[in-house]
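[1] pasting the sequence and the predicted model now:
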Amino acid sequence: MRHTLIGSRPGPGRLQRRKEREAAGLFLAEGPQAVREALRAGVVTDLYVDPTVAERLADLIGLAAELGVTPRELAGRDLAALTDTVTPQGVVAVCRRVDVGLAEVVRPGTRLVVCCVQVRDPGNAGTVVRCADAFGADGVVLSTGSVELTNPKTVRASVGSLFHLPVAVGAGLAAVVEAAHVAGLQVLAADGSGDVELSELSRTGDLVRPTLWLFGNEAWGMPAEDRALADRVVRVPLFGAAESLNLATAAAVCLYATATAQHPG
């Protein structure tokens, strides 16, 4: 049966640890939305359901059955041991890794690609993946030094979006930018000290061009040497008293503006 753990594969609880995830090539997805999208993507190897909420998850369990994945009942503390949330949502899937090579994300014909540059907060990384998915990006890159894509908090914050679009991990920023230029994309870096406003690029039509967006670290932003790799450094105009936007919010604004320019009407 597909849910049986065999051979050298770790018990699912051990997949809370990065070392075990990397060794096994597996990770955990928690919650109905994430698990549903993982099932649809065909990457679920094992499925655990709390029998006390099985009725509420009937549609999800039915989808699993259609796809040949047999759930295993796991309740209470046993299921909680597979999550790092205070209130587990009653369903956890073991999934095969979904990251791809850089060439599958940054390639000729892509219109909008997102690169997280040493983004360390898993909630931010997952939210950027979700925003990229929502605004029709062709893919996401988590550069060298960024948080692990399969970190449970990253997976949870993406709300299933990491199963919708290709995500490359571990690429150096210089290689990402070079690949973008070869593929015909302009490279824009979002930074509060940018020399051009996002609104100006919207007015001039520059956002219509195929674009790779770079978003920097939450704490220190983007170092000067990284900004220098971009074609333009762009700031989001602020009209109120707030000093700045957080990473995920700035990404959402930039991606919305770009998607609007690239998909008029």
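    It's in.
[2] do a quick rundown of the strands in this protein.
    In the chain, the strands defined using DSSP state E lie at 26-30, 44-49, 72-73, 91-96, 112-116, 139-143, 167-171, 186-190, 196-197, 211-215, 232-235.
[3] mean neighbour count and mean pLDDT for these - can I get that in JSON lines?
    Placement of C-beta: from N, CA and C, glycine included. Shown next, in JSON lines, are those (neighbours: other Cβ atoms under 10 Å; pLDDT from 0 to 100):
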{"stretch": "strand 26-30", "mean neighbour count": "25", "mean pLDDT": "95"}
{"stretch": "strand 44-49", "mean neighbour count": "22", "mean pLDDT": "95"}
{"stretch": "strand 72-73", "mean neighbour count": "12", "mean pLDDT": "92"}
{"stretch": "strand 91-96", "mean neighbour count": "24", "mean pLDDT": "96"}
{"stretch": "strand 112-116", "mean neighbour count": "27", "mean pLDDT": "98"}
{"stretch": "strand 139-143", "mean neighbour count": "26", "mean pLDDT": "98"}
{"stretch": "strand 167-171", "mean neighbour count": "21", "mean pLDDT": "97"}
{"stretch": "strand 186-190", "mean neighbour count": "23", "mean pLDDT": "97"}
{"stretch": "strand 196-197", "mean neighbour count": "14", "mean pLDDT": "96"}
{"stretch": "strand 211-215", "mean neighbour count": "27", "mean pLDDT": "98"}
{"stretch": "strand 232-235", "mean neighbour count": "20", "mean pLDDT": "96"}
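[4] of those strands, which is nearest Ala261?
    Within those, the stretch nearest Ala261 is strand 211-215; the backing value is 9.0 Å (Cβ to Cβ).
[5] got the angle for that closest one vs strand 139-143?
    Counting by axes from the mean of the first three to the mean of the last three Cα atoms, to 10 degrees, strand 211-215 lies at 40 degrees to strand 139-143.
[6] could I get the strands of the chain in CSV, plus columns for distance to Val253?
    Listed next are the strands of the chain as CSV, based on distance: least, Cβ to Cβ, whole Å:
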stretch, distance to Val253
strand 26-30, 28
strand 44-49, 34
strand 72-73, 43
strand 91-96, 31
strand 112-116, 13
strand 139-143, 17
strand 167-171, 21
strand 186-190, 9
strand 196-197, 12
strand 211-215, 11
strand 232-235, 10
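[7] now for those strands, which one comes closest to Leu247?
    Each of the strands of the chain was scored for nearness to Leu247 using Cβ to Cβ, and the closest is strand 211-215 (6.0 Å).
[8] just checking, Gly139 touches His164?
    No - under the criterion of Cβ atoms under 8 Å, Gly139 is not in contact with His164, lying 10.2 Å apart.
[9] ok, now which ones touch the nearest residue to Ala137 once chain neighbours are set aside?
    Distance criterion Cβ to Cβ, 6 or more residues apart in numbering; nearest residue to Ala137, sequence neighbours excluded, is Leu112 at 4.5 Å. Shown in contact with Leu112 (Cβ atoms under 8 Å, 6 or more residues apart in numbering): 132, 135-138, 210-211, 213, 255, 258-259, 262.
[10] can you give me the helices in the protein?
    All helices of the chain, identified by DSSP state H, fall at 18-24, 32-41, 58-66, 76-80, 102-105, 122-134, 152-158, 173-182, 198-204, 224-227, 247-262.
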